[in-house]
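S.K.: build me a model:
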Amino acid sequence: MKGRSILLLATLPAALVLLPVGYAQNNPSIAQVAYKVVDGSKVDSNTLQGWKTWRALACERCHGAQQQGMVGPSLIDAFKTLDKTEFHRTVFGGRVEKGMPDFSTSQMMQKNWENLYAYLKGRSDGQIKPGDLQAIDAK
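M.R.: From the prediction side, this is the model:
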């Protein structure tokens, strides 16, 4: 694949999956779940920002510290079928009748919603372990 870019994806039980970028561009449902994880707790910088957004916005108050669900639903279960479009609609519109706030005024969410999606998808896929995360290149 000389001269071609590679997109890193984790959509299968294996920790890392590499596909040509063209494949992901022609299959949008695949392109939306890019994250990289090593040893379950070391992640790429974008996914790390997603986790930091999770923590900063205190999402665990309703969804549980391990995304297992409490007052709000289990995100481990929800992300088995929740696509990026529906996630965006939920965080930027809320589900006020169910207690889910609208985060459309949050600059942190505006900047990191795709990173948060990747983090939660990695958790749902079982690739990212619960608990604190660090950058892949951290010592």
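
S.K.: so which elements touch the longest helix along the chain?
M.R.: For the chain, the helix reaching the highest residue count under DSSP state H is reported as helix 107-124. Other elements packing on helix 107-124 under the criterion 3 or more CB pairs under 8 Å, 6 or more residues apart in numbering; DSSP states H and E are helix 45-56, helix 75-78, helix 84-91. (C-beta placed from N, C-alpha, C; glycine too.)

S.K.: what stretches of the protein score poorly on pLDDT?
M.R.: Screening the chain residue by residue with the criterion pLDDT under 70, one finds the ranges 1-33, 139.

S.K.: list of residues touching the longest helix of the chain?
M.R.: Residues from elsewhere that reach helix 107-124, judged by CB atoms under 8 Å, 6 or more residues apart in numbering: 10, 32-35, 37, 43, 46-54, 56-57, 66-67, 75-80, 84, 87-88, 91-92, 103-104, 128, 130.

S.K.: quick check: closest non-adjacent residue to G131.
M.R.: Counting by CB to CB, 6 or more residues apart in numbering, S41 is the residue found nearest to G131 once chain neighbours are left out, at 6.6 Å.

S.K.: residues near the one you found, how many?
M.R.: When neighbours are counted by other CB atoms under 10 Å, S41 registers 15.

S.K.: mind checking how far L120 is from L48?
M.R.: Distance from L120 to L48, counting by CB to CB, to the nearest Å: 13 Å.

S.K.: which one of these two is surrounded by more residues?
M.R.: When neighbours are counted by other CB under 10 Å, L120 comes out ahead of the other of L120 and L48, with 25 against 20.
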